[in-house]
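Undergrad: Take this sequence and fold it.
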Amino acid sequence: MSRLLDHLERQVESSRRLLELVLDQNAAIRDQDVWRLLGSLGEVQAEMAYRARLEAEREELLLAAAAERGAAPETLDLEALLAGTAADEAARARERSAELLGLVTEVERVHAQNRVLVRQELAFLDHLMRALSGTPRAGYSPSGWTAVPPLAAGAVDARA
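TA: As a prediction, the model looks like this:
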């Protein structure tokens, strides 16, 4: 049982680190701090590599427990793994599992929010660059092909 509890502890610690990283990314995006955002990507990749190792360890734990019980690994849940475990250890494992679920859910929420923020920033930059260069957006308008808008008064035509 202590192997399972140790594993859950490492999963929780990793998820906490990952949550800190995506929250820092969120702040970097909002502050438009590109260098901080790019710097955190390496840290996220390292944490994700560690999480892949944890996932392999989790798989080993499930396979061993399944072999002991003569069951398929996908049929085992935490309660099946805790059968016959001391009450205090089982309670700690349930607490860690619940905390892990909450952390993973929060990481997913913040990551999704970060993706939206990055898309908004990129869309704004795309719009700004098109406006500055006079490049039309590809596609059709109600009257046919889109045309290059005339330059605003006082603008310099960099294409000439």
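Undergrad: for the chain, what helix or strand is lowest in average pLDDT?
TA: Least confident element among the helices and strands of the chain, by mean pLDDT, DSSP states H and E: strand 144-145 (a mean of 58).
Undergrad: Okay, and the residue lying closest to residue 22 once chain neighbours are set aside sits in which element?
TA: Sequence neighbours aside, residue 110 is the residue nearest to residue 22 in space, at 4.5 Å (criterion: Cβ to Cβ, 6 or more residues apart in numbering). Where you see a C-beta, it was placed from the backbone N, CA and C, and this is true even at glycine. Element membership for residue 110 (DSSP states H and E) is helix 87-133.
Undergrad: what about that helix, distance to the chain center?
TA: Chain-centre distance of helix 87-133: 5 Å, with Cα atoms, centre = their mean, to the nearest Å.
Undergrad: how much space is there between residue 13 and residue 7?
TA: For residue 13, the distance to residue 7 equals 11 Å [Cβ to Cβ, to the nearest Å].
Undergrad: The two: which is more packed in?
TA: A direct count of neighbours by other Cβ atoms under 10 Å for residue 13 and residue 7 places residue 7 higher, at 17 against 14.
Undergrad: Can you give me every residue that contacts that one?
TA: Shown in contact with residue 7 (Cβ atoms under 8 Å, 6 or more residues apart in numbering): 54, 57, 58, 61.
Undergrad: Show me the residues you listed that map onto helices.
TA: Using DSSP state H, 54, 57, 58, 61 are the members of those that sit in helices.
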